[in-house]
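Q: let's see this in three dimensions:
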Amino acid sequence: MSPFFVMSLLFGLAFGQTASLCAPSEYIIHVEKRECAYCLAINTTICAGFCMTRDSNGKKLLLKSALSQNVCTYKEMMYQTALIPGCPHHTIPYYSYPVAVSCKCGKCNTDYSDCVHEKVRTNYCTKPQKLCNM
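A: Next up, the predicted model:
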């Protein structure tokens with residue numbers, strides 16, 4: 001086997017592995033309304049994983065087209081609606097949430113994604129919990 005073939009094969013395997021790390025991942029959303037008696041834990045999928053990026057430290061030396069800061073984001077998504085239990089009649093008991101069907105590495109779209117990752121934990125329940133499997 002020629003060294004060029006072996007190097008090409010290794011490069012293809014390495015690139016294939018890194019490109020496939022952005023994929024739908026299971027996630028639990030906790031939803032509650034002040035008026036309702038329960039918190040709803042919803043099993044859904046989000047886009048998560050690794051995308052190849054280029055370091056922007058050399059941005060003064062490189063063309064803008066050479067810089068890429070890609071994130072794992074939705075390629076296809078759909079919305080589902082869940083019913084929050086224990087809500088009084090005057091309250092709308094429905095909650096709609098996104099479900100990732102497929103994902104891609106690309107620019108973050110603020111129309112449907114939170115493009116800032118912070119270490120604040122807000123995904124929890126303060127009321128008794130009900131599980132919703134969709």
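Q: ok, residue 126 - contacts?
A: Residues near residue 126 by Cβ atoms under 8 Å, 6 or more residues apart in numbering: 32, 39. All C-beta spots, glycine's among them, are computed from the backbone N, C-alpha and C.
Q: need the pLDDT of it.
A: The model reports residue 126 with a pLDDT of 77.
Q: same thing with residue 81?
A: In this model, residue 81 carries a pLDDT of 95.
Q: so who does it touch?
A: Counted by Cβ under 8 Å, 6+ apart, residue 81 has contacts 94-97.
Q: and it, bridged to which residues?
A: In this structure, residue 81 bridges to residue 96 when assessed by DSSP bridges.
Q: from residue 71, how far out is it?
A: Using Cβ to Cβ, to the nearest Å, we find residue 81 at a distance of 27 Å from residue 71.
Q: now residue 125
A: Residue 125 is 28 Å from residue 71, by Cβ to Cβ.
Q: okay, the two: which has more neighbours?
A: Taking other Cβ atoms under 10 Å, residue 125 and residue 71 do not tie; residue 71 has more neighbours (19 against 14).
Q: for PyMOL, what selects the buried ones among the contacts of residue 81?
A: Of the contacts of residue 81, the buried ones go into a single PyMOL selection, burial set by 16 or more other Cβ atoms under 10 Å:
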select buried, resi 95+97
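Q: adding distance to residue 88 and pLDDT, write the contacts of residue 81 out as a markdown table.
A: Listed next are the contacts of residue 81 as a markdown table, based on distance: Cβ to Cβ, whole Å; pLDDT from 0 to 100:
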| residue | distance to residue 88 | pLDDT |
| --- | --- | --- |
| 94 | 14 | 94 |
| 95 | 16 | 93 |
| 96 | 20 | 94 |
| 97 | 22 | 92 |
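Q: just the closest of the contacts of residue 81 to residue 76, please.
A: Nearest to residue 76 among the contacts of residue 81: residue 97, at 15.4 Å, using Cβ to Cβ.
Q: so residue 69 sits in a helix?
A: No. Residue 69 sits outside any helix when classified using DSSP: H, G, I helix; E, B strand; the rest coil, being coil.
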